[in-house]
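Colleague: Structural data only, the sequence is not supplied:
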């Protein structure tokens, strides 16, 4: 974990309530896709945990959805400096993916899939990505995944674009391993529908974000784990629902 100050270099809407923010600063603590950052905002006691979409040399990209006071405040920022804790969480392990991994992202669970997809393709994997949204107007980053070289399929609950249904309705072809991130009902459905081993990234309300407060603990077959520290990524075989 590292604390640093980042300059806002972009903050633009991708949909009605999803924004992309690019920040300039030290990204050296971000070592794996699936990690997150914790952002301090003026007037708010708790930092806001946001998953990392991409991290290049001195440029951090996050995608966030406006759902409360903190993210609404972020959406209004055009410039300025943010106090950010980076390198939080364990991230995804790509060494076990096999040759044809499947990535399943739902809503605001899509962003960490991007950095993961980039890494897997760099490692020579043939990646298929399924992105799930409620409706066509909520879709973002479809073309960005295609530009990486991934095979991409989109599902919408209302059928207004792509395959009608949920990400589990587009499992389709054989795959060697799966990675997923999204709301818990989606994760539970993916857990039940997938036939291989995989890794699931959980969203949880957090206090500190680095394991001190124990506020985001969950039960696993190995005992309690902290989503912010030993997670947010858990392996399929250790999860207890």
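Modeller: Everything's here; your move. What you see is a predicted model; the values in this text were computed from it and never measured. Numbers count the residues shown, from 1 in each chain.
Colleague: Tell me the spacing between the residue most central in space within the chain and residue 83.
Modeller: Closest residue to the average C-alpha location of the chain: residue 112 at 3.0 Å, with Cα atoms, centre = their mean. Taking Cβ to Cβ, to the nearest Å as the measure, residue 112 falls 22 Å from residue 83. C-beta coordinates here come from the backbone N, C-alpha and C atoms, glycine included.
Colleague: buried set for stretch 58-68?
Modeller: 60, 61, 62, 63, 64, 65, 66 (16 or more other Cβ atoms under 10 Å).
Colleague: what's the neighbour count on the closest residue to residue 14 other than its chain neighbours?
Modeller: Leaving aside its sequence neighbours, residue 14 sits nearest to residue 140 (Cβ to Cβ, 6 or more residues apart in numbering; 4.2 Å). Residue 140: 20 surrounding residues under other Cβ atoms under 10 Å.
Colleague: Tell me the confidence at residue 140?
Modeller: Here, the pLDDT recorded for residue 140 equals 98.
Colleague: show me what contacts it?
Modeller: Counting by Cβ atoms under 8 Å, 6 or more residues apart in numbering, residue 140 touches 14, 15, 18, 63, 110.
Colleague: Kindly supply the ChimeraX command isolating those of these that are buried.
Modeller: Burial among those is assessed by 16+ other Cβ under 10 Å; the matching ChimeraX selection reads:
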select :18,63,110
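Colleague: so how far is residue 223 from the nearest residue to residue 224 once chain neighbours are set aside?
Modeller: Nearest residue to residue 224 in three dimensions, chain neighbours excluded: residue 217, at 4.7 Å (Cβ to Cβ, 6+ apart). Going from residue 217 to residue 223 by Cβ to Cβ gives 10 Å.
Colleague: In stretch 232-241, which residues are buried?
Modeller: The neighbour-count check on stretch 232-241 (16+ other Cβ under 10 Å) flags 232, 233, 234, 236, 239 as buried.
Colleague: now for those, which pair is the farthest apart?
Modeller: Greatest spacing in those, by Cβ to Cβ: 232 and 236 (14.3 Å).
Colleague: so how far is the worst-scoring helix or strand of the chain on mean pLDDT from its chain's centroid?
Modeller: Between all helices and strands in the chain, the lowest mean by mean pLDDT, DSSP states H and E belongs to strand 217-220, at a mean of 80. Put simply, strand 217-220 sits 20 Å off its chain's centre (Cα atoms, centre = their mean, to the nearest Å).
Colleague: Then stretch 53-70?
Modeller: Taking Cα atoms, centre = their mean, one finds stretch 53-70 lying 10 Å from the centre of the chain it belongs to.
Colleague: mind giving me the domain split of the chain?
Modeller: Here the domain assignment for the chain is 2-88, 101-238, based on automatic domain parsing.
Colleague: packing partners for the lengthiest helix in the chain?
Modeller: What stands out as the longest helix in the chain, according to DSSP state H, is helix 111-122. Contacts defined by 3 or more Cβ pairs under 8 Å, 6 or more residues apart in numbering; DSSP states H and E place helix 111-122 against strand 54-56, strand 101-106, strand 128-133, helix 142-148, strand 177-181.
Colleague: what packs against the longest one?
Modeller: Under the contact criterion of 3+ Cβ pairs under 8 Å, 6+ apart, the helices and strands touching helix 142-148 comprise helix 111-122, strand 128-133, strand 151-156.
Colleague: Can you tell me which of those is packed in deepest?
Modeller: strand 128-133 (a mean of 26; mean count of other Cβ atoms under 10 Å).
Colleague: I'm done for today, thanks for sticking with me.
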